[in-house]
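Q: sharing a model that was predicted from the sequence below.
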Amino acid sequence: MKSLGLRCAFALVLVCPAWCADTIKWPVSFDKLAKQAKESVDVTLDASMLQLASGFLEKSDPDEAQVKKLVSKLKGVYVRSFEFDKEGQYSMADVDSLRAQLTGWSRIVGVTSTKGENTGVYLKKNGDQIEGLFIIDAEPKELTVVHIDGPIRPEELNELGGHMGIPKIGTLHGSDKDTRKGDKGSKPAPQPRPDGSGDSGGE
Amino acid sequence: MTPFEEEVKKALSRHEPPAGFADRVLARAREQDRKQAARTGGWLRRLRSWRLVPVLAALMVMTGGIVYQEHEREARGEAAKQQLLLAMRIAGSKLHDAQLVVREVEQ
């Protein structure tokens, strides 16, 4: 009995660091930001919820069929988005605390504009295999973080272009693009909080 | 008339039944009917009235539970689907913005 307990403890010690390393924790301040924000989006879909959602996607609808194909291999989709009335409502320390957790991730796009916009697209790679996509978009009045956990290529997300109100555009290059610009392209439409978004358990 | 014939005649002669005989026969027949009904139809009635009530109640609860669970599952699934579509829309838009900037820089 004692040896069984020791074995379990040993297994936990072995498994926990790997599990913890995979988990990206949202800053605690995000809960406060949601209250301050004019609009906020909180999407937390783990593997079981993705499977459930996928079952309700219609194959006959081209948009939904595209998403269904995309999410079939995913382990989780997590989004936090806040839109504020005025600037300076969130701290860059929140963003930095997220970036600090992305050790082992490759940044494929880094955009810093003179208008205070800061966007980063990160990929988690295991050899040639992509195991996750992370997007941080920090604008003066808007902060959006997207974490897609599982095998996904940006090109696959790109295929959503032309669907669901996302404009179509060419492929994203896999190299690290760190650039400074005076302005950014199109701004995504503000997203309302969906019904039933109360299950914000975090990752 | 021989004594034998006299005995036969006496034995076969008409006798009036005692008073209340017909009522007693009818009463006994009714009693037997009641007993028979109690033996056959009674258990059905008892089963209907007592044993079937919890069975029916359990069936109704089970059916209600299944219907409710299915309804809940559909509601959760539909909400999850809307969240997923929203997440993909946001992710796609953000990626699209990043691509635009990269393109502008490349050109």
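A: Cool, got the structure. Residues are numbered from 1 along each chain as shown, chains lettered A, B, ... in the order given.

Q: part of a helix, is residue A:132?
A: No - applying DSSP: H, G, I helix; E, B strand; the rest coil, one finds residue A:132 to be strand, outside a helix.

Q: beta partners of the nearest residue to it once chain neighbours are set aside?
A: Excluding the flanking residues, the one nearest residue A:132 by C-beta to C-beta, 6 or more residues apart in numbering or on different chains is residue A:124, at 3.7 Å. Yep, even glycine has a C-beta here, placed from its N, CA and C like the rest. Beta-bridge pairing of residue A:124 under DSSP bridges involves residue A:105, residue A:132.

Q: checking residue B:18 next. Helix, strand or coil?
A: Assignment for residue B:18 (three-state DSSP): coil.

Q: help me confirm that residue B:83 comes into contact with residue A:50.
A: No - Residue B:83 lies out of contact with residue A:50 (C-beta atoms under 8 Å); the separation is 9.9 Å.

Q: state the distance from the residue nearest to residue A:132 to residue B:62.
A: 46 Å (C-beta to C-beta, to the nearest Å).

Q: settle it for me: which of the two has more neighbours?
A: Using other C-beta atoms under 10 Å in any protein chain shown, the more surrounded residue of residue A:124 and residue B:62 is residue A:124, with 22 against 10.

Q: the more buried one contacts residue A:105, doesn't it?
A: Yes - using C-beta under 8 Å, residue A:124 is in contact with residue A:105, at 4.9 Å.

Q: need the residues touching each of those two.
A: Common neighbours of residue A:124 and residue A:105 (criterion: C-beta atoms under 8 Å, 6 or more residues apart in numbering or on different chains): A:132, A:134.

Q: up against chain A, what does chain B have?
A: For chain B, the contact set with chain A under C-beta under 8 Å from any C-beta of the partner chain comprises B:73-105.

Q: for residue 89, phi and psi?
A: Going with chain A. phi -80, psi -20 (degrees, to the nearest 10).

Q: nearest spatial neighbour of it, skipping sequence neighbours?
A: Nearest one to residue A:89, counting by C-beta to C-beta, 6+ apart, is residue A:36 at 5.5 Å.

Q: helices of chain A, residue ranges please.
A: A:2-22, A:29-36, A:47-55, A:62-71, A:92-100, A:154-158 (DSSP state H).

Q: meant to ask about chain B
A: Here chain B has its helices, by DSSP H, at B:3-11, B:21-46, B:52-106.
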